[in-house]
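Student: Just to be clear, the model below is a prediction. Sequence and coordinates:
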Amino acid sequence: MGTLGLIFSNIHNQENFDVTKERTIASTPIGGRYRLIDFALSSMVNNNISHIGVVTKNNYQSLMDHVGSGKDWDLARKRGGLTILPPYGTTCDFYNTRLEALKTIIRFIDVSPEEFVVLTDCYHVCNIDYRPVFQKHFDSGADITCMYHNHVIRDDDYKPINVFTINEDDRIIDMNSYQTYQGMASRSIDTWIMKKELLSKLVHDAIDRGLKSFNHDIIKQNLQKLVIVGYAFTGYFGSLSSMKSYYELNMELLNQDIRDELFNQQGYSIYTKVRDSAPTKYGMNASIKNSLIADGCLIDGNIMNSVLFRGTIVEEGVSAQNTILMQSTMIEAGSQLSYVITDKNVRIRRGTILHGTADHPIYIEKGEII
């Protein structure tokens, strides 16, 4: 049984926020050394999915720099492997939905030899074992299996919120889309399994009929015609939809239990691009508490409850608490930072004081000098 993987890298980019202005959702840095696409790619590779298409639209240079040929995920192959899929022969504004994106790559889908296909988005942080999902798909006789997660909906979650109603046989009998929603919900995490032949048929039908929405025109409109089953993902699930959620996601990675679930499952590692950086160097007066520090950093100050990416320099006398400092950030001596997010190549001058809040962290754009 061969399986084709399709990853949508920037379907949600129309909901831009500061961190995603110059990059796709998929290439958003997280956790000191990872990008969001690492979680989707690694989950597929760990489940022996070795033919993966990354569906892009625009603004994907940083994504291509990160994934390259796919060798860090063992996807640099003569057959199958990793393929970047821009909208062939169209403008960057050609599509805004998954179904419209699938229309532009339908030939890639049709000529792929795999029997099944897994489709997923890139805005979530989770480590998925697809084996029980496929088992549920086979045992239930499903045409389509939709993954969902039970959690409390936040105000800044992506809209619309797609909520499933599921019967005792785990069949989805209704799906409602909400622009506002409060409380616990069985929310779609935009991950689906089906036969490739069925996907091709549905996309070709959508082309003929001018349909645009995958969730509404493919899933909801076929609930009575096809056997569409829900699979509840019960592991850690974080989603990126705003600066607040970006900050919270990184801070949650300071929790050892969450890190163990994401990164320390035997046979289910999260892979990323390997960089040959020197180990981080800590000065005699450095103090580090409850923080994630990537390689290649130089630390002489006080760091607490923070995430530091590669090549960050923190000089003596600096106090940085509850901060996210991206690659090659430099914090000069005597500065005080709390609830601050710096993008790449930022320089904070000597003695600068910056204090944000957990709900409204201060964000400093790439290359800025403050």
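Tutor: Thanks, I have the structure now.
Student: Can you tell me the SS state at Ala76?
Tutor: Under DSSP: H, G, I helix; E, B strand; the rest coil, Ala76 falls in the coil class.
Student: what's the pLDDT at it?
Tutor: We note a pLDDT of 93 for Ala76 in this prediction.
Student: Also Asp65?
Tutor: 91.
Student: So which other helices or strands are in contact with the host helix or strand of it?
Tutor: Secondary structure assigned from DSSP states H and E places Asp65 in helix 61-67. Judged by 3 or more Cβ pairs under 8 Å, 6 or more residues apart in numbering; DSSP states H and E, the packing partners of helix 61-67 are helix 37-46, strand 81-85. The way it works is simple: take the backbone N, C-alpha and C, and place the C-beta from them, glycine included.
Student: Pull the residues that contact that helix.
Tutor: Residues outside helix 61-67 that contact it (Cβ atoms under 8 Å, 6 or more residues apart in numbering) are 9, 22-24, 26-27, 35, 37, 41, 54, 56, 73, 82, 84, 273.
Student: let's go with 7 Å and repeat that
Tutor: The contact list for helix 61-67, computed with Cβ atoms under 7 Å, 6 or more residues apart in numbering, reads 9, 23-24, 26-27, 35, 37, 54, 56, 82, 84, 273.
Student: Give the buried residues for it.
Tutor: Within helix 61-67, the residues scored as buried using 16 or more other Cβ atoms under 10 Å are 62-63, 66-67.
Student: now do stretch 233-250
Tutor: 233, 236-250.
Student: Keeping just the C-alphas, turn that stretch into CSV.
Tutor: Taking C-alpha atoms only, stretch 233-250 is exported to CSV below (Å, rounded to 0.1, in the frame of the first residue of the first chain):
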residue,chain,number,x,y,z
PHE,A,233,-6.4,12.7,17.9
THR,A,234,-5.8,12.7,21.6
GLY,A,235,-2.1,13.8,21.8
TYR,A,236,-0.7,17.3,22.3
PHE,A,237,-2.1,19.7,19.7
GLY,A,238,-1.0,23.3,19.3
SER,A,239,-2.1,25.6,16.5
LEU,A,240,-0.7,28.8,15.2
SER,A,241,-3.1,31.6,14.3
SER,A,242,-1.8,34.8,15.9
MET,A,243,1.1,36.5,17.7
LYS,A,244,-0.5,35.4,21.0
SER,A,245,-0.8,31.8,19.9
TYR,A,246,2.8,31.9,18.5
TYR,A,247,4.1,33.1,21.9
GLU,A,248,2.1,30.5,23.8
LEU,A,249,3.2,27.6,21.6
ASN,A,250,6.8,28.4,22.2
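Student: I'd like the average pLDDT over it.
Tutor: The average pLDDT for stretch 233-250 rounds to 94.
Student: Domain-wise, how is this protein divided?
Tutor: Annotated domains of the chain cover 3-263, 281-364 [automatic domain parsing].
Student: Single out the most deeply packed of those domains.
Tutor: Burial of the domains of the chain is given as mean neighbour count (mean count of other Cβ atoms under 10 Å); domain 281-364 ranks first at a mean of 20.
Student: so where does Thr120 fall, helix or strand?
Tutor: Judged by DSSP H and E, Thr120 forms part of strand 116-121.
Student: Could you do Asp208 as well?
Tutor: helix 196-209.
Student: So which residues of this protein form helices?
Tutor: Assigned by DSSP state H, the chain shows helices spanning 37-46, 61-67, 98-104, 106-111, 130-140, 196-209, 243-252, 256-263.
Student: right, so of the ones you listed, which gets closest to Asn302?
Tutor: Of all the helices of the chain, helix 243-252 sits nearest to Asn302, with 17.7 Å by Cβ to Cβ.
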